[in-house]
Each structure stands twice: as structure tokens, then as C-alpha cells.
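>>> only the shape, not the letters, is given here:
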């Protein structure tokens, strides 16, 4: 008999207040291994607060978080990384004025003789990037010379390389060209193939509909809809979003 | 200007597309231009061994602080208190020596005092969230006030040349054009190059200055990085205070006033980006050489002293503008 896939991440009855604003109001969310979730909602719906709790930026005021069945407290971004949760913010994932290799290993630099950066090892970042189909010419290129799709790819490739179990993408297609968007959507599918779960945050269904397995729609801090794609026609989802 | 920058682009071309290289090429070019200019104006006097050794001591003393300020600026902060902290270091070593301490012990404590002042700068600015510009402006005034209160404006004598020749040689020795300050400068610059470009800490400094949020998201403790940079610059400033009082053989309360802006000028001329994230130690070293060339060259060319500040002011803005334009073009 086949076992049910274990819940990778489970958030139970999570609350967060900012002063009087109830930014996250009793949210319970489960993410399974290799599942792609489209997290939708208007600005101020509570999507980013929820994700920042998961990424270790904020502590929940109430509620519990379980990773692979074990109760955890995520106190910092590095603790989230250690638990296998990587968040990729478009504006915040990479340092523009640093090279691809230095960005790739940022915070986890390989060293030799205890202190010196192991540059040869750092150049190996080109292998996972090529596997993702990115044609970045050199690990020494500054990130600002990359295209939008390549930047996203570098951040996603980094998450894969460091064995993330869940990658959170915040508006990954914002300000991308059509080709860049396709690159990102292919990357998301690539993550699923290697059993990495994805939470894809966006406020439009447009691109996410083609890749997501499930849609979670938030409004005023609450989840108003949590539905699998095979049960959710595009039209109905659009109505909930606009409604 | 346009011709020159396109010339550089052509020359440096594909091989060194990194901005840091282009920035340094401009800096080296400026140093060479100044050297040639002042040598011809002074009829060769500018590159005589006597003048060069004085120049070397001067740019080494200023330069040690400039290197530290470059670190702080690369991690995205400012330090206006270096002149006052340098005075604090000078006063500490003179005061402790007069109280009967061995000068070697006194210098260790003086540098420790500097590092402590830097820790305070760093912690206050990181914890309060205030711009370090404001925090170190306060520190600059406070330490200067304390130094003046302690000395009551009197000059303190610090003559260790005969009494402690070993100490004097290590801090102030001179062998032809080579001098102890120059060796300290080269040694500290080498250490900082290793630290900034070849260590994990250095990568975190660039990341913190380049994009603090990205650095934090990747688990870098940006506050710790910033505080460490403040500790380094203040330790170096205090050390420079010691070398200066040893050279001048005394301390007075005005020691190091006006230095804070001059060192920022040197860092900017050396190609460090004002907003942080970009810069090199080599560039900062060249920047200190340039502002020293300018200071001495103008004096030797008998240009009235006030022109130094006028020209320095123009150069800072010009260099920052050129770097900004280059950066935008490469984007």
C-alpha cells in the first residue's frame, strides 16, 4: 500500500497582529512534498506576512508550525534555510553589484585553509545553473548584467543546490519579458520534478494557473479558498479573486 | 571627459568589465597626472627622495584610516568620528605613558580604546536604526569634547625617541624613502585585501553594503558585520593617532580635526560607491596617495592653501559623477 505523502510544512491557526491590524487571521495551510501552490490575493491580503513568518522574518503571535511532522520555531532567515525553506524575493534575492558566484554562495561560502574563499569550488555554481538551462557566461559576471529571468534562475538554482525542500517565490514574473516569464515557469516545473515544493505568490492568475497544483486565495488575513486545480475552473477562481 | 571615458572603455574593454577595475584605472590615471603635473611645476623637486619620503609618511598615516573608512563605506555606512577617535588614541598613549606605563602596553590599550569607541558607534547605529552619519557625527563631537576637557587645551609631551628606541623605531623608523608608517600602511592594506576579497567575512561585507535585505535573507548577520567594520576603522584610527603623536612628539587637543571629511574624499576618489557594496582597498590606498599629492603639490607649487579645499571639493564631486555615469552605462 502506498503511503500518503507526508505534509512537508503545516501551519496551524497562525495569527499576526501589527498594532491593531490583524494581518494574518487564523491561517492554517499545509504544503506537501513537490506540490506547487499558487498563493493568491490582493495587496494587503496577508500573503507576504504569512510567508515572512515561514521565512523567519516575523514570529507568529499565535499558532504553530510543523516541518515534516515536527513542531518548529523559526527565529531567523538562516534558521528557515536550515529547515529547507528558501524564499526568493525578486528585489531582495541577489546583490546586483556582486558576481554570480559570490551571490550563489552568499552566507554559505566554501572556504579552504579555514579562512580563504575556495574560488574553484565557487565556480562550480555554473553546473546547477547550466542544468537549469541558463546560459550565464561566467561565474564572475556581475548579477546586474543578467536578464530578469537569469536572475530568478540564479536564485532558484541556489535554493535547489542547497537542498531546499520548499521554495517560496514572491511575484517571480514581475517586470520580466515574455521569454523571462517562460524561463521562470520552466524553473518552477523543474523544481517539482526534483520533488521540491513551491509556493508561488502573485496577485494575478495569469501565469501561475498553468503550473500550480493547488490555489490558496487570501483576503483580509484569512484563507477564503483552498482548492485543487482539477476542482477549480479558471473562471470560478477569477471570480473569487475579483469578488 | 567623454573622450577619456570612452578611451578607457576601449582600452580596458572586454577583459576587465568589472566596474571596480574601470574605477581603479581612473584613480591610477589621476595619480599619474598629478605626479607629472607637480613634478614639472616644481622642476623635479616633487619626486626628490626627501619630498617622496615625507609624502609617503603622510599618505601612510592618513591612508591607514582611509582603508578602514573604505571598509565601513563598502558595508554601507559612514564614520565621521575617525578624527576624534584618532585623537582619543593619541591622548590615551600619551596619557598612559606619562602615568608610567610601558609604551608598548600603552599602544595596546590605546588601540583597545579605539576599538571600544568603534563598537559603541556600531552598536548604537545598528540598534537605534539611525543613519551612522548622525551617530558618528555625535561621537565625533563627544570624543573631541572629552579630549579637550582632559587636556584642558594644553599640549602634552611624548618624546620616546631616546627613552624607548625600539618603540620609536617600530612606529616612526625611517630608512631612506622607506619608513615605519609606510610599512604599516602596506602591511595593513595587504591584510585588509585578504580580508575583504578572499575571506568569507569580506563577501559578507560586500553583500551587506550591496543589498542588506538579500544578505539577511541568506542568513548573514548584517548587524554583526557592520559593528565589526566600525571596530576595525576605529582601531586603525586610534593606531594612527599613536603614530602621529610619536612623530610630532606631543599631543594637542586639536589633533585630527578636519580629517573625517578628507578621508571620505580619499575613499570616494578611490572608487568606493557612496551607497556601499562596491569598492576596493587598492583604490582607497590610491585615493589617499592622490589627496596627499594634491595637498603637498599645491603647497610646493606655491598655490595659496585655500585652493586645496576648493580643488578637493571639485574632485570629489567629479569622481563620484564619473563613477555614477560609468555604472549606469554598464547596467
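Done, it's in. On a predicted model such as this, the values are computed, not experimentally measured, just so you know. Numbers count the residues shown, from 1 in each chain, chains lettered A, B, ... in the order given.

>>> can you tell me how far the residue positioned nearest the centre of chain A is from chain B?
Closest to where the C-alpha atoms of chain A average out (Cα atoms, centre = their mean) is residue A:168, at 1.1 Å. For residue A:168, the distance to chain B equals 11 Å [Cβ to the nearest Cβ, to the nearest Å]. Where C-beta positions appear, they are placed from N, C-alpha and C, glycine not excepted.

>>> ok so that residue is a strand residue?
Yes. Counting by DSSP: H, G, I helix; E, B strand; the rest coil, residue A:168 falls inside a strand.

>>> list the contacts of it.
Residue A:168 sits next to A:51, A:54-55, A:85-88, A:198-199, A:201 when contact means Cβ atoms under 8 Å, 6 or more residues apart in numbering or on different chains.

>>> 10 Å - rerun?
A:31, A:37, A:39, A:50-52, A:54-55, A:80, A:85-89, A:159, A:197-201 (Cβ atoms under 10 Å, 6 or more residues apart in numbering or on different chains).

>>> these two touch, right, residue B:302 and residue B:45?
No. Residue B:302 lies out of contact with residue B:45 (Cβ atoms under 10 Å); the separation is 11.6 Å.

>>> okay, the two: which has more neighbours?
Comparing residue B:302 with residue B:45 by neighbour count (other Cβ atoms under 10 Å in any protein chain shown), the higher total belongs to residue B:45, at 13 against 8.

>>> list the contacts of the more buried one.
By Cβ under 10 Å, 6+ apart, residue B:45 lies in contact with B:38-39, B:51, B:300-301.

>>> restricted to helices, list those residues.
The members of those that map onto helices under DSSP state H are B:38-39, B:51, B:300.

>>> any chance of the residues you listed in JSON lines, with neighbour count too?
Listed next are the ones in helices among the contacts of residue B:45 as JSON lines, based on neighbours: other Cβ atoms under 10 Å in any protein chain shown:
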{"residue": "B:38", "neighbour count": "21"}
{"residue": "B:39", "neighbour count": "17"}
{"residue": "B:51", "neighbour count": "19"}
{"residue": "B:300", "neighbour count": "16"}
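
>>> where does residue B:329 land on pLDDT?
The confidence metric pLDDT takes the value 73 at residue B:329.

>>> neighbours around residue A:84, how many?
19.

>>> how close does the residue nearest the centre of chain B get to residue B:189?
With distances taken as Cα atoms, centre = their mean, chain B has residue B:66 as the residue nearest its mean C-alpha position (1.1 Å). Residue B:66 sits 10 Å away from residue B:189, going by Cβ to Cβ, to the nearest Å.

>>> residues contacting residue A:212?
A:35-40, A:188, A:192, A:198-200, A:202, A:205, A:228-229, A:232.

>>> closest to residue A:76 among those residues?
Closest approach between the contacts of residue A:212 and residue A:76, by Cβ to Cβ: residue A:199, at 19.2 Å.

>>> ok, residue A:51 touching residue A:199?
Yes. Shown here, residue A:51 and residue A:199 form a contact pair, counting by Cβ under 10 Å, at 6.9 Å.

>>> comparing the two, which residue is more hemmed in?
Using other Cβ under 10 Å as the criterion, residue A:51 and residue A:199 rank with residue A:199 on top: 25 against 20.

>>> for the host helix or strand of residue B:241, list every residue counted as buried.
Using DSSP states H and E, residue B:241 sits in helix B:222-248. Neighbour-count burial for helix B:222-248 flags B:222-223, B:225-247 (criterion: 16 or more other Cβ atoms under 10 Å in any protein chain shown).

>>> can you get me a residue count around the residue lying closest to residue A:58 once chain neighbours are set aside?
Spatial nearest neighbour of residue A:58, chain neighbours left out: residue A:52 (4.8 Å); criterion: Cβ to Cβ, 6 or more residues apart in numbering or on different chains. By the measure other Cβ under 10 Å, the count of residues near residue A:52 is 21.

>>> so where's chain A shaky on pLDDT?
A:1-5, A:90-91, A:243 (pLDDT under 70).

>>> tell me the helix or strand right after the helix holding residue B:241.
strand B:250-251.

>>> what lines up beside that following strand in the sheet?
strand B:156-157 (antiparallel) (DSSP bridges).

>>> show the average pLDDT along the strand it pairs with.
Strand B:156-157 comes out at a mean pLDDT of 90.

>>> just stretch B:288-301 next, same as before
Mean predicted lDDT for stretch B:288-301 stands at 90.

>>> buried residues, it. List them.
Of all the residues in stretch B:288-301, those buried under the rule 16+ other Cβ under 10 Å are B:288-298, B:300.

>>> tell me the spacing between the residue nearest to the centre of chain B and chain A.
To chain A, residue B:66 is 21 Å away according to Cβ to the nearest Cβ.

>>> that residue: what's it in contact with?
Applying Cβ under 10 Å, 6+ apart, the residues near residue B:66 are B:59, B:82, B:185, B:189, B:233, B:236, B:240, B:259, B:262-267, B:269-270, B:272, B:281, B:283-289, B:291.

>>> and for residue B:181?
B:56-64, B:171-174, B:240, B:243-244, B:246-247.

>>> if we use 7 Å, what do you get?
Contacts of residue B:181 were listed using Cβ atoms under 7 Å, 6 or more residues apart in numbering or on different chains, and they are B:57, B:60-61, B:243.

>>> great, nothing more from me.
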